[in-house]
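**Student:** Next one to model:
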Amino acid sequence: MKTFLTFTPREIPLLIFHMSTFSELLRQWYRDAGRNLPWRDTNDPYPVWLSEIILQQTRVEQGMPYYLAFLQSFPTIGDLARADEHEVLKLWQGLGYYSRARNLMKTARIIADEYAGKWPSTQAELQKLPGVGPYTSAAIASFCFNEAVPVVDGNVYRVISRLQAVTEPIDQAEGKKKISELAHVLLSAEHPAKHNQAMMDFGALICTPKKPKCEDCPAQTICESYRRGIAEELPIKQRKIQTTERYFPFLVFRDRGGILMYQRANRGIWSSLWSFPVLDLSANRLEKPAAVHREFEKLIGRPFKLKKRIPAGTHKLSHRELIIEFWEGVKAHSELMAQEASTTEINAVLLTPEQIEQLGVPKPVEKYLKSGI
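**Tutor:** Residues are numbered from 1 along each chain as shown. Predicted coordinates for the structure are as follows:
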């Protein structure tokens, strides 16, 4: 039997009444207003898993074209398991957090090779797969195998914290524990898939992060945060993400119809993608071009002349804001483009536009190449 460790005995009867009332209202709302999303028309774990991985850190509107492109290129998990890494990274280009793409390939190969193409059916087993955490494993288990486990994403945290006026920070242990308990109380054991999908849609469409649509909310009369007038203040987070500015100048050399590029290491930002030589510097180095020039010469192992500096705005990440520039260089030695000196920090090669088109590149590089500068 479920225990309510963070609630007093006096609170529990009222809590259960509110939860059961909300669950009924939620199902009625979902029948009328739920989103029609393609991965909800199947209990095949492959498209469900694919959609959940893509939609981590990504809005549905942004992720939908990627989801459709992946299914078109790799209709089955076996197709994805046999895919070339460059092709997968190219399709993923623009979504960021490229470790997700690499984990896609790892999981696809595990399912194909170790499970003979058959997915594990429980949250506990699913969570052992690369890149499949508590949220994604619960989604697959409930949507595809009808396991009675709650899916707790940002939408669900927000809905529950507002419904019950949870004032404990949701990024701390006590707040997480309380939301988890409430999610289990609220879950429909008979229809876990519909319930979880309804909760996510309710958070996305009604109980939105900013300016929640409280006047249109069917649960308005039992929402404790609405009664107190604090809905927009919840959920509470204790930690605030500290954003730092970094300066990312890219060095562009063109020669004989090609461009000098290299494949980044399998770690950090834009891992494994193909890029122009680039430096990661503190923002104050932006105003010190001579020092940056010397850093570039160290990186490529040859002197060069600067032809042009092209500011390209900023590229925002979750905890960093990158100031982007493109330095167009002129080689000082004819052998620069073919250099393979062991003293250089990168192993760059000359690639044609046709070759680059087949490779995954960082979003700023893609924008530069498409600009035709």
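**Student:** Any idea how many residues pack against the nearest residue to residue 25 once chain neighbours are set aside?
**Tutor:** Distances taken as Cβ to Cβ, 6 or more residues apart in numbering place residue 218 nearest to residue 25, at 4.6 Å, with adjacent residues excluded. Just so you know, the C-beta spots here come from the backbone N, C-alpha and C atoms, and that holds for glycine as well. Counted with other Cβ atoms under 10 Å, residues neighbouring residue 218 total 17.
**Student:** give me every residue that touches residue 218.
**Tutor:** Contacts for residue 218 (Cβ atoms under 8 Å, 6 or more residues apart in numbering) come out as 25-26, 28-29.
**Student:** go on, residue 130?
**Tutor:** Counting by Cβ under 8 Å, 6+ apart, residue 130 touches 103, 106-107, 110.
**Student:** That one in helix, strand or coil?
**Tutor:** coil (DSSP: H, G, I helix; E, B strand; the rest coil).
**Student:** can you pull the pLDDT of it?
**Tutor:** pLDDT, residue 130: 94.
**Student:** likewise residue 244?
**Tutor:** You'll see residue 244 listed with a pLDDT of 88.
**Student:** what's the answer for residue 253, then?
**Tutor:** 87.
**Student:** now swap in the one 10 residues further on and tell me
**Tutor:** The predicted structure scores residue 263 at 90 on the pLDDT scale.
**Student:** cool, residue 1 as well?
**Tutor:** Note on residue 1: pLDDT of 34.
**Student:** show me where pLDDT drops low in the stretch 201-350 of the chain?
**Tutor:** Across the stretch 201-350 of the chain, the ranges flagged by pLDDT under 70 are 241, 331-345.
**Student:** Would you mind stating the distance between the residue positioned nearest the centre of the chain and residue 318?
**Tutor:** The chain has residue 57 as the residue nearest its centroid, 3.1 Å off, counting by Cα atoms, centre = their mean. When Cβ to Cβ, to the nearest Å is applied, the distance between residue 57 and residue 318 equals 7 Å.
**Student:** returning to that earlier point: and the residue nearest to residue 25, helix, strand or coil?
**Tutor:** Per three-state DSSP, residue 218 ends up coil.
**Student:** before we move on, back to that, buried only: go through the contacts of residue 218 for me.
**Tutor:** If you count burial by 16 or more other Cβ atoms under 10 Å, the buried members of the contacts of residue 218 come out as 25-26, 29.
**Student:** pLDDT added to those, as JSON lines?
**Tutor:** Converted to JSON lines, the buried ones among the contacts of residue 218 look like this (pLDDT from 0 to 100):
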{"residue": "25", "pLDDT": "88"}
{"residue": "26", "pLDDT": "90"}
{"residue": "29", "pLDDT": "93"}
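**Student:** of the contacts of residue 130, closest to residue 203?
**Tutor:** residue 103 (25.2 Å; Cβ to Cβ).
**Student:** List the contacts of that closest one.
**Tutor:** Contacts of residue 103 by Cβ under 8 Å, 6+ apart are 53, 130-132.
**Student:** And the buried ones among the contacts of residue 218, which is closest to residue 193?
**Tutor:** When those are compared against residue 193 (criterion: Cβ to Cβ), the nearest one is residue 26, at 13.4 Å.
**Student:** Can you identify the element that follows the strand or helix carrying that closest one toward the C-terminus?
**Tutor:** Here residue 26, judged by DSSP states H and E, is contained in helix 11-33. With elements assigned by DSSP H and E, the helix or strand that comes after helix 11-33 is helix 45-54.
**Student:** Mean confidence (pLDDT) on that following helix, please.
**Tutor:** Averaging pLDDT along helix 45-54 gives 96.
**Student:** Return the list of helices and strands in contact with that helix.
**Tutor:** helix 60-73, helix 99-114, helix 134-145 (3 or more Cβ pairs under 8 Å, 6 or more residues apart in numbering; DSSP states H and E).
**Student:** Indicate which one of these is closest to residue 314.
**Tutor:** Distance to residue 314, taken as Cβ to Cβ, is lowest for helix 60-73 among the helices and strands packed on helix 45-54, at 18.5 Å.
**Student:** how far off helix 45-54 does that closest one point, in degrees?
**Tutor:** Put simply, helix 60-73 runs at 140 degrees to helix 45-54, going by axes from the mean of the first three to the mean of the last three Cα atoms, to 10 degrees.
**Student:** mind listing what's buried in helix 60-73?
**Tutor:** So, applying 16+ other Cβ under 10 Å, buried residues of helix 60-73: 63-64, 66-67, 70-71.
**Student:** burial measure for residue 44, as a count.
**Tutor:** 15.
**Student:** mind checking how far it is from residue 211?
**Tutor:** Separation of residue 44 from residue 211 (Cβ to Cβ): 37 Å.
**Student:** TSV for the helices and strands packed on helix 45-54, including distance to residue 350 and mean pLDDT?
**Tutor:** What follows is those, written out as TSV (distance: least, Cβ to Cβ, whole Å; pLDDT from 0 to 100):
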stretch	distance to residue 350	mean pLDDT
helix 60-73	28	94
helix 99-114	26	93
helix 134-145	41	95
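**Student:** of those helices, which approaches residue 280 most closely?
**Tutor:** Evaluated over these, closeness to residue 280 peaks at helix 99-114, with 17.9 Å, by Cβ to Cβ.
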